[in-house]
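In: Sequence and predicted structure are below.
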Amino acid sequence: MQTQANKLQELVKEGKSSVRKNTRTKYIAITSGKGGVGKSTLSANLANVLAKNGYKVGLFDADIGLANLDVILNVRISKNILHVLKGEATLEEIIVHVKKNLILIPGESGDEILKYNDQFLYERFFEETKVLDDLDFMIIDTGAGIGRHTQLFLEAADEVIVVTVPDPAAITDAYATIKVTSKVKPIIHLVLNMTKSAKEAELIYEKISKVAVANIEGLSLNLLGRLPEDKLIAKSIKQRTLFSDDAPNGAASHELKRIVNNLVYRLERKVLKDEEDRGFGSFIKSLIDKF
C-alpha cells in the first residue's frame, strides 16, 4: 500500500522539473479568524515537510503585531524585513537558514512594514530579492482576523489557507475571514486543527460550506485536510521543535502529509499553465502598490 510519504515523493519527482523551469515562486498565505488555532504551527511544519521533500521553501513571518516564527523554529534573529526596507540591513543579512531547503524571513511585530515609500531603497530592495528567485514556495504566516494588512497579503498570495478549530467562536471568525477574503479569492482552502476524528472535520467543513454556498456567490471552499488533537504537537510547541521532525511517522505528521499532498497536487497542475515570472520583490511591490 502506497504511503503518504511515497505519494509526496512521486509528486515531487513528477512536478519538480516544471517548477524549476518556471521561476515563479508560489505564494501560500496561511491565516485564521482568531489567534490560538495553530496557524503558525501549521505554517512552520508545512514548510518543513515541503523542504524535507526537496523543495526550496521560504517562510515569511507576516503576522503584523505578533511575529513569532523565530520562537517556533528556535532560531535567533537580530534584524527583520523592516530593517531592510529602512536601508539598515541587506536582505541576505536578515535571512535565517533554518535547515536544508528552508529559510526564514523575519517579520516585524508592528505595522510599519508597508509604510516605507523611499524609491531608492525600494529599488535596492527589489534588486536584493533576486537571492530568493530559486524558491519553489513562500509560505506566508499572516495575522489573524480580517484587518487591512492581513487582507493585503491574502490578496497578493496565490493560494489562501484558513485554519480553524472545532470551537463555535473560532468557526464563526473563520467564516468571517472566508467571507471577506472571497471578494478577492474565489477558491479558499480550509484546514481543521485539533480535531478528534476525520468525521468531525468533515461535519464542521460541511456546516461551514453549506452557509458559505448559501451566502457567498462564486466561492469554492476546499477542505485541504485536518490535524488531530495530539499531545505530541503541544509537546513540540513547548520544546520549540517541529512535530513533523519529532514524530515523522505519527498521526499528526501523517495528516500533515495529506495536506501537503493536496496542496502540491493543486499547485503542480496550476504551474504548467502559469508562465508569469514572479519573485519576492514583485510580491512585496504588489503589496505596497495596494497600501
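Out: On my side now, so go ahead.

In: Assign a three-state SS to residue 77, would you?
Out: Counting by DSSP: H, G, I helix; E, B strand; the rest coil, the backbone at residue 77 sits in coil.

In: In this model residue 107 seems to touch it, though I could be wrong.
Out: No: using CB atoms under 8 Å as the test, residue 77 is too far from residue 107 to be in contact (9.6 Å). Heads up, the C-betas are built off the backbone N, CA and C, glycines and all.

In: Looking at the two, which is more packed in?
Out: Using other CB atoms under 10 Å, the more surrounded residue of residue 77 and residue 107 is residue 107, with 27 against 18.

In: how close does the more buried one sit to residue 282?
Out: 19 Å (CB to CB, to the nearest Å).

In: In the stretch 1-150 of the chain, what residue spans correspond to strands?
Out: Counting by DSSP state E, counting those that start in this stretch, the stretch 1-150 of the chain has strands at residues 26-32, 57-62, 96-99, 102-105, 137-144.

In: Paired strands for the third one, with orientation please.
Out: Going back to what we said before, that points to strand 96-99. strand 102-105 (antiparallel) (DSSP bridges).

In: picking up where we left off before, what about the strands of the stretch 1-150 of the chain, which gets the closest to residue 161?
Out: Residue 161 sits nearest to strand 26-32 of all the strands of the stretch 1-150 of the chain, at 4.8 Å, using CB to CB.

In: Could you please name the strands that closest one pairs with and the direction of each pair?
Out: Sheet partners assigned to strand 26-32 using DSSP bridges are listed as strand 137-144 (parallel), strand 159-164 (parallel).

In: looking at those, which one has the lowest mean pLDDT?
Out: With a mean of 91, strand 137-144 has the lowest mean pLDDT of the strands paired with strand 26-32.

In: what angle do that strand and strand 57-62 make?
Out: Interaxial angle, strand 137-144 versus strand 57-62 (axes from the mean of the first three to the mean of the last three CA atoms, to 10 degrees): 20 degrees.

In: now strand 137-144: how far from the chain's centre is it?
Out: 4 Å (CA atoms, centre = their mean, to the nearest Å).

In: For it, list the C-alpha coordinates in PDB.
Out: Taking Å, rounded to 0.1, in the frame of the first residue of the first chain, the C-alpha atoms of strand 137-144 are listed here in PDB:
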ATOM      1  CA  PHE A 137       7.300  28.100  -2.300                       C
ATOM      2  CA  MET A 138       7.000  31.000   0.000                       C
ATOM      3  CA  ILE A 139       4.800  30.200   3.000                       C
ATOM      4  CA  ILE A 140       3.300  33.400   4.400                       C
ATOM      5  CA  ASP A 141       2.200  33.300   8.000                       C
ATOM      6  CA  THR A 142      -0.200  36.200   8.200                       C
ATOM      7  CA  GLY A 143      -2.000  37.800  11.100                       C
ATOM      8  CA  ALA A 144      -5.400  36.500  12.400                       C
END
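
In: Quick one: the strands paired with strand 26-32 as a markdown table, columns for distance to residue 125 and mean neighbour count too.
Out: Listed next are the strands paired with strand 26-32 as a markdown table, based on distance: least, CB to CB, whole Å; neighbours: other CB atoms under 10 Å:
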| stretch | distance to residue 125 | mean neighbour count |
| --- | --- | --- |
| strand 137-144 | 16 | 26 |
| strand 159-164 | 25 | 26 |
